[in-house]
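1. sequence and predicted structure below; questions after.
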Amino acid sequence: MAFTELTRVIDALGKDRGIGREVVIEALEQAMLMAARKKLGPTAELEAHWNEELGEVEIFQFKKVVESDDKIADDDREIALDEARKLDEDAKLGDELGIRMEGVTFGRIDAQTARQIIIQKVRDAERDIIYKEFIGRKGQIISGIARRLERGNLMVDLGRTEAVLPRSGIIPTESYKPGDRVQALLQEVGESTRGPQLVLSRTSPQYLIKLFEMEVPEVSEGVVEIRLCVREPGERAKIAVYSNDRDVDPVGACVGMRGIRVQNVVQELRGEKIDIIPWNEDVTVFIRSALAPAEISMVRVIPATHTLEIVVEDDQLSLAIGRKGQNVRLASQLVGWKVDILSKSKLETRTKAAIANLKNIDGLNDTLAQSIYQCGFLNVLDLSRQPVETLARIPGFDNEGAATELKRKAEATVQKIGIEAASGKLPDPIPVPAAAPETVTTGVVSDNGENG
């Protein structure tokens, strides 16, 4: 591209790529300036300016005005006073005179260098424009077209740029081929030398929340809040909803008439089942809803270990736990407490065994043993390892002296009957199966120490 052609592309570049005209002009000025420096030498003081009237870049060489030719130490940086006044009659000693360079010609290499500079500047400007566009859309749902797979990650065409939908962001039950439409949450927007790095997700709990915002006007308007959301993508999710209007049922609003609203979300998530649960600040009420459809007989709150002990009828146990522990696992994540589940028959057996074990401590009667058990301590060994401050929270031992004496007696009992006997042999509760679904919290669940 010859330099005479460079001026013609300014408007075209600005129009075609959405780049400000001033950015293209600045790139052109820098390109011309670099080429001129190669021509005139590194010591020359040069400036380049776009002349709108002439439609070209003008190059000026700046020289300091000195008294005469014999005072010039550097021809590239100094000019005699008499020569300066031929260019500007008002010139005086010490002035910096800008001399317009006439007839400067550039070779093929210079033109290529200038072109590379312009192209790089334009690319930088494009990257900046794209970054600013998408940083404002972070956390929103966007759509694109699937293009190709790279190391298991799906590259998605968004028009002006590409985004990556990593394998971890793809629902396990779905697959894509080139040309498929892709809808996802814009989860991350980063910067790099190659351009904005856009990361999408269809497995994020936030994506599910955004889908409900699209489907449920009450959610998008803030009448109904989705305060918590947990997912095992493609299989099951639980959301906790709350209404800021007494006349609006938050669960009903999200379900929709004949279930149409929630079904639209389920369809987008490839059949993922969604439990919609009313949020409650009382954790004993909240966990009952979170474990539905299982019927809960009793909830015991153990603040010391941040545990909820759930008791169910024997025929409700498998329902409360769910397939592969999914129901109790998601419920635990939703309420933010450790959840242990016991059937009534196991609870009775464990209670008797625990009381009997605790009564090995000298002077401990049924009432005190029951009080200790209700605080979550199931055996002498566990009790002996607790700090005095923790034991002082037990009714009947709620002062430092009594708590210290209880700890001393528990330790003495362990020494007397041995560690194995002191640890007891109790039926284990059903633990929450290991898995950590990602959780989104949009509100605060208050810890509530009341027993249900």
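-> Good, I have the coordinates. Being a predicted model, the structure only gives us computed values, none of them experimental.
2. CA atoms for contacts and neighbours, from now on please.
-> Will do.
3. which residues does the residue nearest to residue 298 when sequence neighbours are not counted contact?
-> For residue 298, ignoring the flanking residues on the chain, the nearest one in space by C-alpha to C-alpha, 6 or more residues apart in numbering is residue 311 at 5.0 Å. When contacts are counted by C-alpha atoms under 8 Å, 6 or more residues apart in numbering, residue 311 touches 296-299, 341-344, 347.
4. apply 7 Å and report the result again.
-> Shown in contact with residue 311 (C-alpha atoms under 7 Å, 6 or more residues apart in numbering): 296-299, 341-344.
5. so can I have JSON lines of those showing distance to residue 65?
-> Below are these laid out as JSON lines (distance: C-alpha to C-alpha, whole Å):
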{"residue": "296", "distance to residue 65": "95"}
{"residue": "297", "distance to residue 65": "98"}
{"residue": "298", "distance to residue 65": "96"}
{"residue": "299", "distance to residue 65": "93"}
{"residue": "341", "distance to residue 65": "92"}
{"residue": "342", "distance to residue 65": "96"}
{"residue": "343", "distance to residue 65": "99"}
{"residue": "344", "distance to residue 65": "102"}
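6. and those, which is closest to residue 220?
-> Relative to residue 220, the closest of those is residue 296; by C-alpha to C-alpha it sits at 33.2 Å.
7. please name the residues that touch the residue lying closest to the closest one once chain neighbours are set aside.
-> Among residues not flanking residue 296 along the chain, residue 312 sits closest, at 5.1 Å (C-alpha to C-alpha, 6+ apart). For residue 312, the contact set (C-alpha under 7 Å, 6+ apart) comprises 295-298, 342-344.
8. and the pLDDT at residue 74?
-> Looking at residue 74, its pLDDT reads 71.
9. before we move on, what SS does it have?
-> Secondary structure state of residue 74, per DSSP: H, G, I helix; E, B strand; the rest coil, is coil.
10. how many neighbours does it have?
-> Other residues near residue 74 come to 12 when the count uses other C-alpha atoms under 10 Å.
11. ok, it - contacts?
-> Listed by C-alpha under 7 Å, 6+ apart, the contact set of residue 74 is empty.
12. if we can go back for a sec, could I get the contacts of residue 311 as a markdown table with distance to residue 190, secondary structure and pLDDT?
-> Listed next are the contacts of residue 311 as a markdown table, based on distance: C-alpha to C-alpha, whole Å; DSSP: H, G, I helix; E, B strand; the rest coil; pLDDT from 0 to 100:
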| residue | distance to residue 190 | secondary structure | pLDDT |
| --- | --- | --- | --- |
| 296 | 47 | coil | 95 |
| 297 | 50 | coil | 93 |
| 298 | 49 | strand | 91 |
| 299 | 46 | strand | 93 |
| 341 | 44 | strand | 93 |
| 342 | 47 | strand | 90 |
| 343 | 50 | strand | 92 |
| 344 | 53 | helix | 90 |
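13. quick check on those residues: which are buried?
-> Buried subset of these (neighbour count, 16 or more other C-alpha atoms under 10 Å): 296, 298-299, 341-344.
14. which of the residues you listed lies closest to residue 118?
-> The closest of those to residue 118 turns out to be residue 341 (C-alpha to C-alpha; 67.7 Å).
15. ok, residue 321 - contacts?
-> Contacts of residue 321 (C-alpha under 7 Å, 6+ apart): 327-328.
16. just the helices in the stretch 301-450 of the chain please.
-> Along the stretch 301-450 of the chain, the stretches classed as helices by DSSP state H, counting those that start in this stretch are 317-321, 326-335, 344-358, 366-374, 380-384, 388-391, 400-417, 419-423.
17. all good on my end, thank you.
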